[in-house]
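Asks: got a sequence here, can you build the structure:
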Amino acid sequence: MARSYHIPGIISLFCALVLLFLTAVSLPYLTSLDAARVKISSAGTTVGSDTRAVKEIRFGTWGTCWYMISTNGHACSSAGVPYTTTVFNAGRKASVTIDGGFTQGLLVHPIATAVTLLALGLSFSRHTGFTLLASILAAVLAVVSFGMDMMVFAWAKHQMALLDGVVSSTETAPGLWATIVAFLLLIFASGTVCLGRRRDRKEGAHSWRERYREY
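Replies: Predicted structure coming up:
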């Protein structure tokens, strides 16, 4: 691949890999890289078997973390996909559940990371066709990951609106936006591979014509 396209493509793939790796790790290990956040204004809301009142709930790739009002500390669910989170109102008289049917799709995150790593490895070889295919596949998986994040966000927002006596707002979080940035980087990387291949073919055709003229 032409060097002027090769280096930007490698840099883009590397940056996308870092972003996808971080979002794949996510909660409960990296609590700031969640997909969706629920901020709670009313007192007495609890999560699962924990009876301490919470002010914020975060949803990540491998689990949920919630932040307590009294201690300003947080607790997290055990890591696993799919996971289920149940939220109770004050007095635990009513509850809503974000179930595994909506969180199991988050498993696409580590798969997208693995395919991006493959694309980055192939970018150092001469197999530009395989690099292009791997980059496109990684981009597709990244946008699917973004879609899974949006699904969790939308369902959490919908469910929290049904919980009586709880005033809350659901927001998209840094992990979701990191995924879409990684997707854009992968699209750019795929474009550089395409342009590099096209330029290599033109240079190859030009050199063949020059050799033909010599004869």
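Asks: state the helix or strand in which the residue with the shortest distance to the centre of the chain lies.
Replies: Nearest to the mean C-alpha position of the chain, counting by C-alpha atoms, centre = their mean, stands T179 at 3.8 Å. Using DSSP states H and E, T179 sits in helix 174-214.
Asks: quick one: contacts of stretch 186-196?
Replies: Stretch 186-196 is contacted from outside by 1-2, 5-6, 8-9, 12-13, 16, 116, 119, 123, 128, 131-132, 135-136, 138-139, 142, using C-beta atoms under 8 Å, 6 or more residues apart in numbering. (Each C-beta comes from the backbone N, C-alpha and C, glycine too.)
Asks: give me the buried positions along that stretch.
Replies: L186, I187, F188, A189, S190, G191, T192, V193, C194, L195, G196 (16 or more other C-beta atoms under 10 Å).
Asks: got it, and stretch 146-163?
Replies: 146, 148-153, 155-157, 159-160, 163.
Asks: what about the helices in this structure?
Replies: With DSSP state H, the ranges of helices along the chain come out as 3-25, 100-103, 108-122, 128-162, 174-214.
Asks: going by mean pLDDT, which of those comes out lowest?
Replies: Note on the helices of the chain: lowest mean pLDDT is at helix 174-214, with a mean of 72.
Asks: number of residues surrounding G165?
Replies: Neighbourhood size, G165 [other C-beta atoms under 10 Å]: 13.
Asks: quick one, what contacts the nearest residue to it once chain neighbours are set aside?
Replies: Closest residue to G165 apart from its sequence neighbours, by C-beta to C-beta, 6 or more residues apart in numbering: N89 at 4.6 Å. By C-beta under 8 Å, 6+ apart, the contact list for N89 reads S42, G44, T45, S95, L163, D164, G165, V166.
Asks: list the contacts for the second one?
Replies: Neighbour list for G44: A53, N89, A90, G91 [criterion: C-beta under 8 Å, 6+ apart].
Asks: need the distance between the two termini of stretch 84-91.
Replies: 21 Å (C-alpha to C-alpha, to the nearest Å).
Asks: please produce JSON lines containing the contacts of N89, extended by distance to I69.
Replies: JSON lines is the format used below for those (distance: C-beta to C-beta, whole Å):
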{"residue": "S42", "distance to I69": "11"}
{"residue": "G44", "distance to I69": "9"}
{"residue": "T45", "distance to I69": "9"}
{"residue": "S95", "distance to I69": "19"}
{"residue": "L163", "distance to I69": "17"}
{"residue": "D164", "distance to I69": "19"}
{"residue": "G165", "distance to I69": "16"}
{"residue": "V166", "distance to I69": "13"}
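Asks: check these and tell me the two furthest apart.
Replies: Greatest spatial distance among the contacts of N89 (C-beta to C-beta): S42 and S95, at 14.5 Å.
Asks: ok so, going back, in strands only, show me the contacts of N89.
Replies: Under the assignment DSSP state E, the contacts of N89 contribute S95 to strands.
Asks: export the contacts of N89 to a markdown table and tack on distance to F102 and pLDDT?
Replies: A markdown table is the format used below for the contacts of N89 (distance: C-beta to C-beta, whole Å; pLDDT from 0 to 100):
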| residue | distance to F102 | pLDDT |
| --- | --- | --- |
| S42 | 24 | 90 |
| G44 | 25 | 92 |
| T45 | 20 | 95 |
| S95 | 16 | 96 |
| L163 | 16 | 95 |
| D164 | 21 | 93 |
| G165 | 23 | 91 |
| V166 | 19 | 94 |
